[in-house]
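Enquirer: sequence and predicted structure, then a few things I'm wondering about:
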Amino acid sequence: ATGDGVTNDGQAFVDADAFVTSRGKGDIIVPPGTYVISSAFTLGEGNGIVGHDRDSCIISQINTSAHGIILSGLNRLKHFSIQAPNTNTDTTTRGIDASATADNIIEQVRSLYFGYGVYSTGLTWRQTYRHVRVEQPRNVGFYFNEANTHLQILLDQCYVVNTGTLGATNKESYHIEGSQGTVMIDCTSDGGDTVSRENIGANIINSRVVMNMSHWEGYRSPDSYISGAEYNGIIRTSGSTLTMHNARFQNCNPDTASSAALIYGENTSLLQLTGIDPNTATLNAFTSQHIAMSDDSGHSTCEIIASATDLILAKSGTSAGTARFNRIGVEDKRSGDSGSFTVDVNKISSIVFTAGTGTLTDLTSPHSDGHTVTITHRVVGRTVQNSARLRLQGGANYAATANGVQVFVYREEGDFWAEVGRVA
């Protein structure tokens, strides 16, 4: 191989792979240089590619309709970049294709300008991606999709920047579908500096995912944003369990033309959230919500523990009360409740309705007798219904006034809430 950025070195990689295979598997060592290929390179099972570093060692796919590297299993990729032409507009090409393989380790690798930075479908398990950086994928950064077959996938300090071609909308940094064990540690979705386009941070479907220390950043130019319009959330889950610790949202602006939230769960999703920091996220002017839940075809639950107290929550759905929040913390800010609804109290001591209408019909039973909840109504238009469970002063419904406050105490004997104070 010449590595001069001009000569086609594709056959040299094929020959090197055949050589190490004949010796019982091994690594292809790639010195600094730019190595041109014009067709997809399939790496033999058990073999590896090891470069010098991802800045000085580049495998350049010059064919805009061709994939980069196709894995066969038990492969190792380290310390190089794989790139398509920066003029590429093909959204189907794959920088690294790990479909239907097992026991691959990809470390310190960069994928640029392909439709998919990393792509995997079929029976896939024990995949490790460490310090893998995907830049300007034309479609999706990391794509995993096959029902109930992806097992033990680790994304450790991975980074996706500028997802989608110019003018594209609702492309995804991370797509995880049918995974029964994906762990993401210190991963980032970054909108970039100057390109104006919409972007989805993560789309999680029928999966079990754990995220720790994730960072979701929108576009930093004033006229662009990370949106989430199509999927209702910058992080969207459907039929999934997402456990999320220490997530930070920065410069994120859910699209004002939709009901997008920072995090959106639907279709029997379970969200377990701790340490969520909305930071400089600009709230949707239409719904003003950070986290939203919808039951759609089944029960959806969000459990929030020890998170920032200024999170604004909303729920909707076809069956009142089936999409719910369990907030363990100081304050529950809500905006999207509509129709007749119930608030799950758990250990909440303060509920703030920041917007919206609807009728509060019940508070769930807390953990102890004498538990006190203060309800603050920031706007008019909401009703609190007097009932055997919610016993209001005067025995009549309360039509909330702006900045009206109600104080309720739970009585375990009789299992009801008594309104003990009101500032109208």
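Expert: It's in.

Enquirer: which residues of the stretch 101-250 of the chain fall in strands?
Expert: Assigned by DSSP state E, counting those that start in this stretch, the stretch 101-250 of the chain shows strands spanning 102-112, 116-121, 125-130, 133-135, 140-156, 159-161, 171-179, 182-185, 188-190, 199-205, 208-212, 215-217, 233-238, 241-250.

Enquirer: with respect to Ser340, which of those strands lies nearest?
Expert: strand 233-238 (24.9 Å; CB to CB). (C-beta placed from N, C-alpha, C; glycine too.)

Enquirer: who are the packing partners of the closest one?
Expert: Counting contacts by 3 or more CB pairs under 8 Å, 6 or more residues apart in numbering; DSSP states H and E, strand 233-238 packs against strand 199-205, strand 241-250, strand 261-266.

Enquirer: can you give me the angle the longest one makes with strand 233-238?
Expert: In other words, strand 241-250. Computed by axes from the mean of the first three to the mean of the last three CA atoms, to 10 degrees, the angle separating strand 241-250 from strand 233-238 equals 180 degrees.

Enquirer: so Val14, which state does it fall into?
Expert: helix (DSSP: H, G, I helix; E, B strand; the rest coil).

Enquirer: before we move on, the earlier item: now tabulate the helices and strands packed on strand 233-238 in CSV and tack on mean neighbour count and distance to Ile28.
Expert: Converted to CSV, the helices and strands packed on strand 233-238 look like this (neighbours: other CB atoms under 10 Å; distance: least, CB to CB, whole Å):
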stretch, mean neighbour count, distance to Ile28
strand 199-205, 27, 33
strand 241-250, 20, 38
strand 261-266, 28, 42
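
Enquirer: in CSV: the ones you listed, plus distance to His367 and mean pLDDT.
Expert: Listed next are the helices and strands packed on strand 233-238 as CSV, based on distance: least, CB to CB, whole Å; pLDDT from 0 to 100:
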stretch, distance to His367, mean pLDDT
strand 199-205, 31, 83
strand 241-250, 23, 87
strand 261-266, 24, 81
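
Enquirer: any idea which of these gets closest to Ser111?
Expert: Closest to Ser111 of these, according to CB to CB: strand 199-205, at 17.0 Å.

Enquirer: so what are the sheet partners of the closest one and their directions?
Expert: Using DSSP bridges, the strands paired with strand 199-205 in its sheet are strand 171-179 (parallel), strand 233-238 (parallel).

Enquirer: send over the last one as CSV, restricted to the C-alpha atoms.
Expert: So that's strand 233-238. C-alpha atoms of strand 233-238 as CSV (Å, rounded to 0.1, in the frame of the first residue of the first chain):
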residue,chain,number,x,y,z
GLY,A,233,-38.6,14.1,22.0
ILE,A,234,-34.8,14.8,21.7
ILE,A,235,-34.6,11.4,23.4
ARG,A,236,-37.6,9.3,22.4
THR,A,237,-38.5,5.8,23.8
SER,A,238,-41.2,3.5,22.6
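
Enquirer: re earlier: could you export the strands paired with strand 199-205 as JSON lines, including mean pLDDT and mean neighbour count?
Expert: As requested, these are exported to JSON lines (pLDDT from 0 to 100; neighbours: other CB atoms under 10 Å):
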{"stretch": "strand 171-179", "mean pLDDT": "88", "mean neighbour count": "24"}
{"stretch": "strand 233-238", "mean pLDDT": "82", "mean neighbour count": "28"}
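
Enquirer: export those strands to a markdown table and tack on distance to Gly24?
Expert: Output for the strands paired with strand 199-205, formatted as a markdown table (distance: least, CB to CB, whole Å):
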| stretch | distance to Gly24 |
| --- | --- |
| strand 171-179 | 33 |
| strand 233-238 | 44 |
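
Enquirer: how close does the residue lying closest to Val345 once chain neighbours are set aside sit to Val160?
Expert: Leaving out its chain neighbours, the residue that sits closest to Val345 by CB to CB, 6 or more residues apart in numbering is Pro366, at 4.7 Å. Note on Pro366: its distance to Val160, by CB to CB, to the nearest Å, is 42 Å.

Enquirer: who has more neighbours out of those two?
Expert: Between Pro366 and Val160, counting by other CB atoms under 10 Å, Val160 is the more crowded of the two (28 against 19).
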